[in-house]
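K.L.:
Build the 3D model from these lines:
(chains A and B)
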Amino acid sequence: MEIFIPNKEQSGCGLSGIINRKGELIKGEVIIESICCQMERGNGLGAGYAAYGIYPDFAEYYCLHVMADTKQALKDVEEILAHKCYLVHQERIPTRATPGIVSPPRFWRYFVKPRYEGELREICEGTVDEDDYMVELVMFINKNISGAYVISSGRNMGAFKGVGFPDQIANFFRLEEYSAYIWTAHNRFPTNTPGWWGGAHPFTILDWSIVHNGEISSYGTNRRYLEMFGYHCTLLTDTEVVAYLLDLLIRRHGLPLELACMALAPPFWQEIDRMEEPDKSVCTAIRVVYGAAMLNGPFAILFAYNGGLVGLNDRVKLRPLVAAKKGDFYYMASEEAAIRAICPDPEEVWCPKAGEPVIVELEPNTIPNQRSYLRGEALRISAPICRFPSAEEDEEEE
Amino acid sequence: MAFEIDAKDLHYRELNKLIRKAIAEGHKHLVLKNINGQRYIAAGVSAEVDIDIYGVPGLDLGAFMRGPRIRVHGNTQDGAGNTMDDGKIIVEGMAGDVVGYAMRGGKIFVASDVGYRVGIHMKAYMDKVPVIVIGGKAGDFLGEYMAGGVIILLGMYSRYPERPIAGIFLGTGMHGGVIYVREGVPETQLGAALQIEDLDEEDEKVLRKHLEEYCQDLGYNLEEILATKFVKIRPQTHRPYGKLYAY
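P.N.:
The predicted structure is shown next:
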């Protein structure tokens, strides 16, 4: 795949995300209109989307979106999948010729389940270990098959990304034909890393997807830390580490979402000094244990999973992030205009505090294989508006 | 008679051309409808003109401008009043980050909250004294590297009851100008080498003058605002880091 080295003319990437808490499906046009309102934030060297709830017919299967330079690369991937997975369905991802989209790679999707050998089969089939199996498989393909990359690997979700402006990438992947209960979108302005199809956002692993505006200067530290846990960074872009950190901290280590966000954007020591117990001990422990997971540098990120959408800023808010709500719809974007473009009259609009996540999860039991990572009561979220379900809703359920 | 521009689906370049053309034709009052995210509105415009904006203007509203009086009937995004030289921006809602960045003259009145790094590096020279008045609360780094001018922070009309009146690192690197804060601010929020003082008579005059105009523009009650004590934050010296590299 061709790699474009950016000149150093600076701008900022653009982000946009939508979720409907009742799982109502949102048409592709909506997120396209929102991200295209921030056209000035990109330079045509990358755009992408993540969509949740788009494969209801295969909701029980992991969907691998594979991007490949050559027929041979695709064949190599298929050979591995034939050995490692039960394959229920495979097809070319529908695309259309789009002016401005130059020499795109091939895109295929595979709906699979892990195929365990021998005794393992009895122990592992249908367990949470399937996720670990899939992570290992994705890492293996990305690391070993030249010219092929798995760009998303979750259930009932997918990532669509490439080199182009967001309207071009949306047209290329025919995104107006999809409807999702969570959408995230990215308009890229690469600054320090190349513009290429694999380097466009979102970055994903399993059903985690993340879009990012900023630069992660701790990339080297984060990457080496992740390697100890079997994650390999192959996509030449700093944001990749965030996807794997989320998987490690939240899914594998079982941290509540808020604590994981704290590990990524921890409070300053001087703030911790002024805290009361138990917050002080908790924050200290997080900073000590997860020092190598801290993201240094400016960022605004949106990440999503099968069940929620989260927005987070670095701890001194060096990149913009705005949130809004109307009814069951929640919006997060780099600019308020991107929200107003698709929701002219939100009930509330607010600017999240630096380092404090905005967490919006679906209502319980809304979708198959739904995940919730709140894990207990709200911690260090000073603004009640930044966490859904809210504390009151929790009580109602009890 | 106001000159109206419907900005729906207009790119900022076309919009600014229309604005400049209308001003060149002698229009003194422009009304911009259906604004949504267009950047650089009235940037660099040097004229006495009133501009009413309906919708959310994009980044760098009124950057480098000298003279226009802009009223935003709603919220505004980041960088409003970037390096503005003269004129006024009135925001009836909230404003984003880096409002009044390197501002060197004129006024920015915000009815509600502002984001991070507001008034960063604003400066004054002779009779050019930039003024920012914030009706709500401010994020971190308010008045960072401030070299001159006046920031007035009220904390009264905020949508964030849980937040302190100003974020941390207030006035970090500040070496000129003054920040007035209604009801005061905990010292933990302040950057290094600043002092919190009571107002003297001269301060009271300055404060009343600016707040009178602010209340007129935004319909707030002046006496209610002045019913509570203000404090004044200023740098201990105009060269707080003068000895940093002197071994």
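
K.L.:
rest of the way, CA atoms for contacts and neighbours
P.N.:
Will do.

K.L.:
Could you check the pLDDT of the closest residue to chain A within chain B?
P.N.:
Nearest residue of chain B to chain A: B:G37, at 4.8 Å (C-alpha to the nearest C-alpha). With respect to pLDDT, B:G37 scores 97.

K.L.:
On the three-state scheme, the nearest residue to it once chain neighbours are set aside is what?
P.N.:
Counting by C-alpha to C-alpha, 6 or more residues apart in numbering or on different chains, B:G58 is the residue found nearest to B:G37 once chain neighbours are left out, at 3.8 Å. Counting by DSSP: H, G, I helix; E, B strand; the rest coil, the backbone at B:G58 sits in coil.

K.L.:
quick one: B:G58 from A:K326, how far?
P.N.:
Distance of B:G58 to A:K326, given as C-alpha to C-alpha, to the nearest Å: 22 Å.

K.L.:
just A:G230 next, same as before
P.N.:
Separation of A:G230 from A:K326 (C-alpha to C-alpha): 41 Å.

K.L.:
which residues in chain B form helices?
P.N.:
Remark: helices assigned in chain B by DSSP state H are B:12-24, B:201-218, B:222-226.

K.L.:
Of all those helices, which one is nearest A:E117?
P.N.:
A:E117 lies closest to helix B:12-24 among these, at 60.6 Å (C-alpha to C-alpha).

K.L.:
same for the closest one, what does it pack against?
P.N.:
Judged by 3 or more C-alpha pairs under 8 Å, 6 or more residues apart in numbering or on different chains; DSSP states H and E, helix B:12-24 is in contact with no other helix or strand.

K.L.:
avg pLDDT for that helix?
P.N.:
97.

K.L.:
ends of stretch B:235-245, how far apart?
P.N.:
First residue to last in stretch B:235-245 (C-alpha to C-alpha) measures 19 Å.

K.L.:
I meant stretch A:19-33, not that one.
P.N.:
Length of stretch A:19-33, first residue to last, C-alpha to C-alpha: 15 Å.

K.L.:
tell me which residues of that stretch are tucked away?
P.N.:
Across stretch A:19-33, burial judged by 16 or more other C-alpha atoms under 10 Å in any protein chain shown covers A:19-33.

K.L.:
ok, and what's touching that stretch?
P.N.:
A:16-18, A:53, A:166-167, A:170, A:175-185, A:308-309, A:328-331, A:341-342, A:360-363, A:366-367 (C-alpha atoms under 8 Å, 6 or more residues apart in numbering or on different chains).

K.L.:
likewise stretch B:236-247?
P.N.:
With C-alpha under 8 Å, 6+ apart as the test, stretch B:236-247 has contacts from B:G173, B:M174, B:H175, B:G176, B:A193, B:L194, B:Q195.

K.L.:
check contacts around A:G162.
P.N.:
Contact analysis of A:G162 by C-alpha under 8 Å, 6+ apart lists A:G46, A:A47, A:G48, A:P104, A:I169, A:W196, A:W197, A:G198, A:G199, A:A200.

K.L.:
what about the second one, neighbour count?
P.N.:
Read that as A:A47. By the criterion of other C-alpha atoms under 10 Å in any protein chain shown, A:A47 has 34 neighbours.

K.L.:
Who does it form a beta bridge with?
P.N.:
A:G162, A:N187 (DSSP bridges).

K.L.:
correct me, but it touches A:A159?
P.N.:
No: at 10.9 Å, A:A47 does not count as touching A:A159 under the criterion of C-alpha atoms under 8 Å.

K.L.:
got a list of what B:G148 touches?
P.N.:
Contacts for B:G148 (C-alpha under 8 Å, 6+ apart) come out as B:M122, B:K123, B:A124, B:Y125, B:V129, B:P130, B:H175, B:G176, B:G177, B:V178.

K.L.:
how about the nearest residue to the first one, chain neighbours excluded?
P.N.:
Nearest in space to B:M122, with sequence neighbours left out and distances taken as C-alpha to C-alpha, 6+ apart, is B:A102 at 4.2 Å.

K.L.:
and that neighbour, backbone torsions?
P.N.:
phi 50, psi 30 (degrees, to the nearest 10).

K.L.:
That one against B:A124, yeah?
P.N.:
No: in this structure, B:A102 is not within contact of B:A124 by C-alpha under 8 Å, at 9.8 Å.

K.L.:
Tell me which of those two has more neighbours.
P.N.:
Neighbours around B:A102 and B:A124, counted as other C-alpha under 10 Å, are more numerous at B:A102. The numbers are 25 against 20.
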